[in-house]
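Engineer: sequence plus predicted model, see below.
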Amino acid sequence: MLIAFVTYLAYPLVLEGMANYLVVQDKLEKADVIIVLGGDNNGERVSQGIRLYKEGFAKHLLMSGGSLAWKLTCAQWMKRQAVESGVPAAVILLQDRSRSTIEDAKFSLPIIKNYGFKSAILVTSPTHSRRAAKVFRRVFPREGIKVIIYPAQKSEFNPHLWWTRHEDTAYVVWEYVSLVLYFFKGYN
């Protein structure tokens, strides 16, 4: 009975810890480029990238994301959002072929190298930040490129009581399943 009672009291802490484990955030510093990953449905990643650009953390934005809808890619859509928010189109680069986080890194790398960038701030959603960090930190440092992980600060995701909200539960479950799959692909 005591074990059941302690388990009942502790499970919210364990579940909240599971959500917090997914969130990776480095100390923010200036970089050559801000990479914004597509894949969210509310624009929080683009908004964070725009904020960082306007605060002077980098002189370029790289929007990364493949097909979204007929003849429109996620990268193109994110660029439109940034331009409408006052970011000059000339500073926005596009990587519009990727369909996964692994492809985001692999297809962004040649663009980063072509421009001679040596550091990048990677912007994604909080729950996606651990997996994205594992992928980009495996691909980019081999080429001498520093990656700073900085997830969206204003996010719909709330790690407190996430298991009581369908959308947040879906994010957490998806990320844990993806972490296992990516582990077997060598991104650990």
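Structural biologist: That came through, no problem.
Engineer: quick one: the helices in this structure?
Structural biologist: According to DSSP state H, the chain carries its helices in the segments 2-22, 44-54, 74-84, 101-114, 129-139, 166-184.
Engineer: right, and those helices - which one's nearest K30?
Structural biologist: Proximity of the helices of the chain to K30 was assessed by CB to CB; the nearest stretch is helix 44-54, lying at 9.7 Å. All C-beta spots, glycine's among them, are computed from the backbone N, C-alpha and C.
Engineer: what angle do the closest one and helix 74-84 make?
Structural biologist: 50 degrees (axes from the mean of the first three to the mean of the last three CA atoms, to 10 degrees).
Engineer: where does this protein have low pLDDT?
Structural biologist: 1-10 (pLDDT under 70).
Engineer: circling back to that earlier point, I'd like the helices of the chain laid out as JSON lines, including distance to A31.
Structural biologist: Converted to JSON lines, those look like this (distance: least, CB to CB, whole Å):
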{"stretch": "helix 2-22", "distance to A31": "23"}
{"stretch": "helix 44-54", "distance to A31": "9"}
{"stretch": "helix 74-84", "distance to A31": "17"}
{"stretch": "helix 101-114", "distance to A31": "11"}
{"stretch": "helix 129-139", "distance to A31": "12"}
{"stretch": "helix 166-184", "distance to A31": "24"}
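Engineer: out of those helices, which is closest to H60?
Structural biologist: Closest approach to H60 among those is made by helix 44-54 (8.2 Å; CB to CB).
Engineer: how far off centre is that closest one?
Structural biologist: Chain-centre distance of helix 44-54: 12 Å, with CA atoms, centre = their mean, to the nearest Å.
Engineer: how about V147, what does it touch?
Structural biologist: The neighbours of V147, taking CB atoms under 8 Å, 6 or more residues apart in numbering as the test, are S119, A120, L122, A133, F136, R137, F140, P141.
Engineer: so I148 bridges to which residues?
Structural biologist: Listed beta-bridge partners, I148: I121 (assigned using DSSP bridges).
Engineer: is it correct that it is in contact with S129?
Structural biologist: No - I148 is beyond contact range of S129, at 11.3 Å (criterion: CB atoms under 8 Å).
Engineer: one step back: which among the contacts of V147 count as buried?
Structural biologist: Members of the contacts of V147 that pass the buried threshold by neighbour count (16 or more other CB atoms under 10 Å) are listed as S119, A120, L122, A133, F136, R137, F140.
Engineer: would you mind measuring from the second one to L52?
Structural biologist: Distance of A120 to L52, computed by CB to CB, to the nearest Å: 11 Å.
Engineer: return the distance of the residue most central in space within the chain relative to L179.
Structural biologist: Taking CA atoms, centre = their mean, the centroid of the chain lies closest to T124, which sits 2.0 Å from it. The spacing between T124 and L179, counted by CB to CB, is 14 Å.
Engineer: same check on P12?
Structural biologist: Distance from P12 to L179, by CB to CB: 22 Å.
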